[in-house]
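Asker: with the sequence up front, the predicted model follows.
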Amino acid sequence: MTSPSHITIIGAGFGALSSVREIRRRDAKAEITLIAPRAELHYLPGIIWIPSGLRTREQLIVPLANFFQRMNVRHLAAEVTGLRNGGRLVDTTGGEVPNDALVIASGGRFIKRLPGIEHAITPCEGIAAAEKIRDRLQTLQGGTIAVGFAGNPNEPSAVRGGPMFEFLFGIDEQLRRERRRDKFELVFFNPSNEPGSRLGPKAVQHLLDEMQRRDIRTRLGHKMKGFEANRVLTEGGSFPADLILFMPGMTGNAWFDQTELARSPGGLLKADAQCRVAGTEHVYVVGDSGSFPGPDWMPKQAHMADLQAAAAAENLLAGLRGDTPHATFKVELICIIDAIDHGTLVFRNAKRQIILPSTRLFHWAKRFFEGAYLKKYR
């Protein structure tokens with residue numbers, strides 16, 4: 001009788017937790033160790049509703065102890081510092097962890113190299129950033145609010161623009177509700193002339209039309225130079241801003257540098273179509289940590305992480321059995337760009353692009369999805 005396989009998963013976000021579920025669905029006996037600083041899921045898609053008060057910190061943090069118990073997962077509360085032996089040993093602040101197979105789902109890291117970037121809030125850094133936006137909006141009596149994002153020039157997919165459109169439209173809607181929109185100027189800035197191009201041309205035009213309809217100024221097509229305390233600096237000139245929200249492009253985790261894993265030009269882990277890290281055996285990557293073959297519009301979102309987790313789980317277990325991993329994942333983008341009480345649906349795959357105009361139905365669909373998704377882990 002063969003002993004159960006030892007599988008290690010790094011991370012506690014969407015990709016990591018989906019990997020737990022997908023592995024356990026296929027193998028009831030595998031020993032799973034998950035390494036993450038806290039046994040918590042932070043539901044970051046919901047932070048867009050924190051500034052308006054639709055969500056609080058407590059509603060978006062899900063303790064995972066019960067989920068780990070149900071899934072028979074050992075949680076090691078530690079940070080990863082490196083890998084050895086081709087990935088068979090994971091070095092952590094809590095000691096070394098051996099494994100027969102490894103899934104890396106530790107997310108990405110924002111590139112914070114622009115001068116003065118400390119003057120901008122990076123919303124997707126987490127709940128605390130969204131709370132800071134909420135508090136700043138409460139104290140501001142008027143002025144200019146600048147919202148923008150940029151990418152990783154060496155990694156087209158390593159950008160997270162969708163939430164920035166949601167913060168932009170959500171803040172506009174919130175100020176209108178509070179009857180003080182006339183005291184503020186909203187500016188959207190982006191180094192591209194077609195911001196959000198990964199959503200598809202129809203979506204880009206819709207977003208720009210929506211900005212015009214809402215009287216949101218745009219500053220497009222100029223490379224970023226940096227920030228000052230009350231100013232956004234671009235190669236096309238600077239403009240004043242009393243509150244700056246900026247999402248830089250993403251790269252790999254700092255601990256990747258302490259490994260011999262293959263990297264993409266943008267610093268992510270180089271993966272094949274089966275989610276294997278190139279040149280490794282039984283080492284897989286899921287979600288924001290990886291650079292995957294496919295179209296340049298491949299999204300970095302929870303939905304893609306879920307699809308990649310299913311492929312990685314199937315391939316990992318096949319490899320451990322001595323079979324050839326063959327499962328791949330489909331590439332599709334599904335998002336609802338929300339504005340507090342209504343939303344626009346955007347869908348894209350290899351064959352079609354669909355955009356459905358803003359309705360209250362899509363806002364409630366987004367909220368329903370949140371509840372259904374988190375129910376898996378509560």
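Answerer: Sure, I can see it.
Asker: domains of the protein?
Answerer: Per automatic domain parsing, the structural domains of the chain span 6-108+252-320, 112-249.
Asker: single out the most deeply packed of these.
Answerer: Mean neighbour count (mean count of other C-beta atoms under 10 Å) peaks for domain 6-108+252-320 among these, with a mean of 20. To be clear about C-beta, it is placed using only N, CA and C from the backbone, and glycine gets the same treatment.
Asker: averaged pLDDT, that one. What do you get?
Answerer: Throughout domain 6-108+252-320, pLDDT has a mean value of 97.
Asker: and that domain, end to end?
Answerer: Separation of the first and last residues of domain 6-108+252-320 by C-alpha to C-alpha, to the nearest Å is 10 Å.
Asker: likewise stretch 84-104?
Answerer: 14 Å.
Asker: just so I know, which of the domains of the chain lies nearest Ile340?
Answerer: domain 112-249 (4.5 Å; C-beta to C-beta).
Asker: so which of the domains of the chain is nearest Asp338?
Answerer: domain 112-249 (5.2 Å).
Asker: so what's the spatially closest residue to Ala318 that is not a sequence neighbour up against?
Answerer: Among residues not flanking Ala318 along the chain, Pro325 sits closest, at 4.9 Å (C-beta to C-beta, 6 or more residues apart in numbering). Pro325 makes contact with Gln274, Arg276, Glu314, Asn315, Leu316, Ala318, Gly319, according to C-beta atoms under 8 Å, 6 or more residues apart in numbering.
Asker: do you know how far Pro325 is from Arg88?
Answerer: Separation of Pro325 from Arg88 (C-beta to C-beta, to the nearest Å) stands at 18 Å.
Asker: what do you get for Phe14?
Answerer: 26 Å.
Asker: what of Gly200?
Answerer: 42 Å.
Asker: how about Leu175?
Answerer: 54 Å.
Asker: so which of the contacts of Pro325 comes closest to Lys223?
Answerer: When the contacts of Pro325 are compared for distance to Lys223 (C-beta to C-beta), Arg276 wins out at 35.4 Å.
Asker: so the closest one touches Asn315, yeah?
Answerer: Yes. Counting by C-beta atoms under 8 Å, Asn315 is a contact partner of Arg276 at 6.9 Å.
Asker: identify the contacts common to these two.
Answerer: In contact with both Arg276 and Asn315: Tyr284, Pro325, using C-beta under 8 Å, 6+ apart.
Asker: where exactly do the helices run in this protein?
Answerer: 14-26, 57-60, 65-71, 127-139, 162-177, 201-213, 302-320, 360-375 (DSSP state H).
Asker: indicate which one of those helices is closest to Gln353.
Answerer: helix 201-213 (5.7 Å).
Asker: any idea of the mean pLDDT for that closest one?
Answerer: Mean per-residue pLDDT for helix 201-213: 94.
Asker: that helix: how far from the chain's middle?
Answerer: Helix 201-213 has its C-alpha centroid displaced from the chain centroid by 23 Å (C-alpha atoms, centre = their mean, to the nearest Å).
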